[in-house]
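Enquirer: Give me a 3D structure for the following:
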Amino acid sequence: MSPDQIVFLKTFDYLHHPSMDSLPDGWIGPLVDLLQAMRQLSLVEPVIRPMVEVWVSLRIEHGPSGALAFAAPLLPIKHWGPERALACVEALATFTFSVQETCSVCGHPGHLRFGNGRREGIFCDDHSEEYRHAD
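Expert: Reported below is the predicted structural model:
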């Protein structure tokens, strides 16, 4: 991520983890969607002045063909209902599949490109040739 993107990610305070900082710039959209979904999961009533209770700790692992988000629960299981647990799993899955369809350079729609000794990665049509031959 660019320095400006990292500053923005840190506004998610308790959800930000340094493992997010090494993601490609183009994946900022799926990452922010994940962080917003997890922030919503962490909001607790009342609506007028919502509190934030940290429900999960997030980590990201990535490679050229995608990224995985991992969440570790921070509250005892008695606080988790089926709806909250499903929302967490859905947010993680959405992130994983979104980055597989998002150009890692610009954030436009893309897909996995590789072959013939060329660099593997998730690229749009515009960035495919430019980055596959960058090695």
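Enquirer: Could you pull up the residues touching Cys103?
Expert: Taking Cβ atoms under 8 Å, 6 or more residues apart in numbering as the criterion, Cys103 is in contact with Gly26, Pro109, Gly110, Ile122, Phe123, Cys124, Asp126, His127. (C-beta placed from N, C-alpha, C; glycine too.)
Enquirer: which stretches of the chain have low pLDDT?
Expert: Scanning the chain for pLDDT under 70 picks out 44-52, 115-118, 130-135.
Enquirer: quick one: Arg119 from Asp33, how far?
Expert: According to Cβ to Cβ, to the nearest Å, Arg119 and Asp33 sit 26 Å apart.
Enquirer: Buried ones only from the contacts of Cys103, please, as a ChimeraX command.
Expert: A single ChimeraX command selects the buried members of the contacts of Cys103 (16 or more other Cβ atoms under 10 Å):
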select :26,110,122,123,124,127
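Enquirer: Identify the residue nearest Trp55 in space, chain neighbours excluded?
Expert: The spatially closest residue to Trp55, leaving aside those adjacent along the chain, is Ser42, at 5.1 Å (Cβ to Cβ, 6 or more residues apart in numbering).
Enquirer: same deal with Ala87?
Expert: Leu41 (5.6 Å).
Enquirer: hmm, which two among the contacts of Cys103 are most spread apart?
Expert: Farthest apart among the contacts of Cys103 by Cβ to Cβ are Ile122 and Asp126. That separation is 13.0 Å.
Enquirer: And the helix or strand hosting Ser98, what does it pack against?
Expert: Following DSSP states H and E, one finds Ser98 within helix 82-99. Secondary-structure packing of helix 82-99 (3 or more Cβ pairs under 8 Å, 6 or more residues apart in numbering; DSSP states H and E): helix 28-42, strand 66-73.
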